[in-house]
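Q: After the sequence you'll find the predicted model.
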2 protein chains.
Amino acid sequence: MSDLLERLRERGWRMTSQRRVVAEVLDGEHVHLTADEVHARAAARLPEISRATVYNALGELVSLGEVIEVSTDGRAKRYDPNAHHPHQHLVCSSCGTVRDVHPTGNPLADLPATERFGFTVAAVEVTYRGLCPSCA
Amino acid sequence: MSDLLERLRERGWRMTSQRRVVAEVLDGEHVHLTADEVHARAAARLPEISRATVYNALGELVSLGEVIEVSTDGRAKRYDPNAHHPHQHLVCSSCGTVRDVHPTGNPLADLPATERFGFTVAAVEVTYRGLCPSCA
DNA sequence: TTCTTGACTTGGACTCTGTCCATTGTAGGA
DNA sequence: TCCTACAATGGACAGAGTCCAAGTCAAGAA
């Protein structure tokens, strides 16, 4: 499952051991890690990797469109590697768990022109909130 | 337009000069202020008010359901006093302006049971992103 | 009105998340 | 192999928010 690494190399992303480890941490795992969690997992394999490097790499992966930045709680941003499959998020208000979900319908179509106030609307994020089975 | 003050008093919210000023700043203005902006406006009327007090008051207004906390950019949270009229937000990706909008449809109904994974879904937030007329 | 008391406010220290920058290191092409 | 532009480092810094001990005060009781 190293499609991500492959794509990055093809796109000319200069590959360093640090960047490889960050990409590997995100690839495969379908969880939503914070930058610090990514750093912790990366450091498990490459102990001397710095926080700044992890932030740089994450920022570039986001710019490249390979990873999505999700801020579900106003605290640390989370990084979602599932960028190539449109989806929304379901968040547990108690423990913060995030799941990818696929609602029906198209929320963009639900915003009539009269409610756009001249904005060029490019994207829509939907966050469902509730309690997960363990917290309920 | 001091419905808010009235409601708070009725609900037994102990009224201090600091809390009154914070509530007054939010009441009436249909903008989406950050905590620091609320503090600045409150301090214009009550110079010695502290940041901690503003944070406390805002947190309580949110708990009471009188104000909604909105985190549109992963930076400072914004406080939306329009809590009694269901609405969503339209955010300018360039300047950060936030507008209240009223999409048609019910996004909660768009999440089928099979996509809820046992969660008790209580709320849904929709954020439209794009460029406002000035930034486009 | 004055007293009393529990709730509120203060301000400074602290935490967490993220950014910046000068220095050092290195991937990958010539 | 050598160069060099680009990347990594780590420590300082900044913004947003929380915590806490000490002082203050709103509002009910007498």
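A: Looks like it arrived, so ask away. Keep in mind it's a predicted model, so treat the numbers as computed, not measured. Numbers count the residues shown, from 1 in each chain, chains lettered A, B, ... in the order given.

Q: so how far is DNA strand C from the closest residue to A:Gly74 other than its chain neighbours?
A: Spatial nearest neighbour of A:Gly74, excluding adjacent residues (CB to CB, 6 or more residues apart in numbering or on different chains): B:Ser71 at 3.7 Å. The way it works is simple: take the backbone N, C-alpha and C, and place the C-beta from them, glycine included. Distance check for B:Ser71 against DNA strand C: by CB to the nearest atom of the strand, to the nearest Å, it reads 11 Å.

Q: The longest strand belonging to chain A: partners in the sheet, and parallel or antiparallel?
A: Counting residues, the longest strand in chain A under DSSP state E turns out to be strand A:120-131. In the sheet, strand A:120-131 lines up against strand A:88-92 (parallel), strand B:120-131 (antiparallel) (DSSP bridges).

Q: how far out from the middle of the chain is the first one?
A: It stands for strand A:88-92. 12 Å (CA atoms, centre = their mean, to the nearest Å).

Q: and for that strand, what are the contacting residues?
A: A:32, A:70, A:72-73, A:80, A:97-103, A:125-132, A:135, B:111, B:115-117, B:119, B:121 (CB atoms under 8 Å, 6 or more residues apart in numbering or on different chains).

Q: circling back to that earlier point, can you tell me which of the strands paired with strand A:120-131 is most buried?
A: The highest average neighbour count among the strands paired with strand A:120-131, using mean count of other CB atoms under 10 Å in any protein chain shown, belongs to strand A:88-92 at a mean of 22.

Q: after that strand, next one along is what?
A: strand A:98-101 (DSSP states H and E).

Q: which phi and psi does the closest residue to A:Glu29 other than its chain neighbours have?
A: Leaving aside its chain neighbours, A:Glu29 sits nearest to A:Pro81 (7.3 Å; criterion: CB to CB, 6+ apart). Backbone geometry at A:Pro81, expressed as degrees, to the nearest 10, gives phi -80, psi 0.

Q: My guess is A:Pro81 contacts A:Val25. True?
A: No. Taking contacts as CB atoms under 8 Å, A:Pro81 lies outside contact range of A:Val25: 9.1 Å.

Q: More neighbours: these two, which one.
A: Neighbours per residue (other CB atoms under 10 Å in any protein chain shown) separate A:Pro81 from A:Val25, with A:Val25 holding more: 23 against 20.

Q: Let me know the pLDDT of the more buried one.
A: You'll see A:Val25 listed with a pLDDT of 96.

Q: A:Ile111: neighbouring residues, count only.
A: Residue A:111: Leu, not Ile. So A:Leu111, with other CB under 10 Å, has 22 neighbours.
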